[in-house]
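Visitor: turn this into a model:
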Amino acid sequence: MYVQLVGVLALGIEALLPIPQFLSNYRHKSVSGFRPSVVIAWLAGDIFKTSYFFFGEANVTWQFKMCAIVQFVFDIGIAVQFCVYGGKSAWTLDGKLGQEIEQELEEGLGAMKR
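Guide: Here you go, the predicted structure:
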């Protein structure tokens with residue numbers, strides 16, 4: 001039971017990794033600073049992984065399949081953001097982004113001190 005719980009937790013964490021990047025891109029309406037090569041690598045890896053889970057000979061449990069789908073959907077979302085926000089710079093958004101980043105850094109440092 002313990003090993004299964006740790007496995008599901010690890011799968012869930014991996015599946016949720018692209019979500020903070022997706023939300024940050026959406027909030028700032030920019031993909032500035034995020035490399036397209038990372039998105040391409042994520043998509044390629046997830047295409048192979050998901051196709052193996054669904055079409056491979058191994059008996060892969062539903063947890064793996066579900067996490068692969070979630071991760072792939074957010075990777076596609078980030079790829080779409082590159083198409084939509086690709087030419088926009090995050091630093092030109094009314095000067096608010098610099099303040100938001102500074103606030104996020106201060107909050108993060110404050111949390112680390114606790």
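
Visitor: centroid residue for the chain?
Guide: With distances taken as Cα atoms, centre = their mean, the residue of the chain nearest its centroid is residue 18 (0.6 Å).

Visitor: if I look at it, how far off is residue 59?
Guide: 27 Å (Cβ to Cβ, to the nearest Å). For every residue, glycine as well, the C-beta is placed using N, CA and C.

Visitor: try residue 45
Guide: When distances are taken as Cβ to Cβ, residue 45 and residue 59 turn out to be 22 Å apart.

Visitor: same check on residue 43?
Guide: When Cβ to Cβ is applied, the distance between residue 43 and residue 59 equals 26 Å.

Visitor: for this protein, just list every one of the helices.
Guide: 2-16, 18-28, 36-55, 62-85, 96-113 (DSSP state H).

Visitor: I'd like the ones you listed as TSV, with mean pLDDT appended.
Guide: TSV is the format used below for the helices of the chain (pLDDT from 0 to 100):
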stretch	mean pLDDT
helix 2-16	87
helix 18-28	91
helix 36-55	92
helix 62-85	92
helix 96-113	66
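
Visitor: neighbours around the closest residue to the residue nearest to the centre of the chain other than its chain neighbours, how many?
Guide: Across the structure, with Cβ to Cβ, 6 or more residues apart in numbering as the measure, the residue nearest residue 18 apart from its sequence neighbours is residue 74 (4.0 Å). Neighbour count of residue 74, defined by other Cβ atoms under 10 Å: 21.

Visitor: how close does residue 74 get to residue 58?
Guide: If you go by Cβ to Cβ, the gap between residue 74 and residue 58 works out to 24 Å.

Visitor: and residue 28, by the same measure?
Guide: Distance of residue 28 to residue 58, computed by Cβ to Cβ: 40 Å.

Visitor: likewise residue 51?
Guide: The value you get for residue 51 to residue 58, if Cβ to Cβ is used, is 12 Å.

Visitor: of these two, who's got more company?
Guide: Neighbours per residue, other Cβ under 10 Å: of residue 51 and residue 58, the larger number sits with residue 51, 11 against 7.
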